[in-house]
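>>> Sequence and computational prediction follow.
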Amino acid sequence: MSKFGELIDLQVPVLIDFYTEWDEPSQAMHEVLRDVAAALGDKGKVIKIDADKNKDLAQALRVSTLPTLMIYKAGEMVWRQSGEQDANTLMGIIEEYAS
């Protein structure tokens, strides 16, 4: 989990997506997250984490519903939501933490 600490300890917002390959709503988010990452550029970061391959981390963060999205800034979780989101909503939320 020390690697996770390095991933989230940035001064820009970091959007984390917990997903699995077999979960349909998780798959639907892939394209949305690609769009968000492209729109963010260097103002933020999007990281996808396979919950099946990172069970300890998913458990530690109490991820029980997929997809689960979290935004971290400077190592602190500032937002969390389970379920699908659209790109505009995510961009609006990330913008709040980008300054």
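Received it, and whenever you're ready, just let me know what you need.

>>> Make sure I have this right: V63 is in a helix.
No: counting by DSSP: H, G, I helix; E, B strand; the rest coil, V63 is not found in a helix; it is coil.

>>> Enumerate every residue touching the residue lying closest to it once chain neighbours are set aside.
Excluding the flanking residues, the one nearest V63 by CB to CB, 6 or more residues apart in numbering is F18, at 4.7 Å. For the C-beta atoms, the positions are set from N, CA and C on the backbone; glycine is no exception. Applying CB atoms under 8 Å, 6 or more residues apart in numbering to F18 gives the contacts I49, A51, A58, L61, V63, L66, P67, T68, L69, M70.

>>> of those, closest to L40?
Distance to L40 across those (CB to CB) is lowest for L69, with 13.9 Å.

>>> that older thread, so which of the contacts of F18 belong to helices?
Mapping the contacts of F18 onto helices (DSSP state H) picks out A58.

>>> Please name every helix or strand in contact with the helix or strand bottoming out on mean pLDDT in the chain.
Every helix and strand in the chain was compared by mean pLDDT, DSSP states H and E; the lowest is helix 2-8, with a mean of 89. With contacts taken as 3 or more CB pairs under 8 Å, 6 or more residues apart in numbering; DSSP states H and E, helix 2-8 sits against strand 14-19.

>>> residue contacts, the residue positioned nearest the centre of the chain?
When CA atoms, centre = their mean is applied to the chain, the residue found nearest the centroid is I16 (1.7 Å). Residues near I16 by CB under 8 Å, 6+ apart: L7, I8, I47, K48, I49, L69, M70, I71, Y72.
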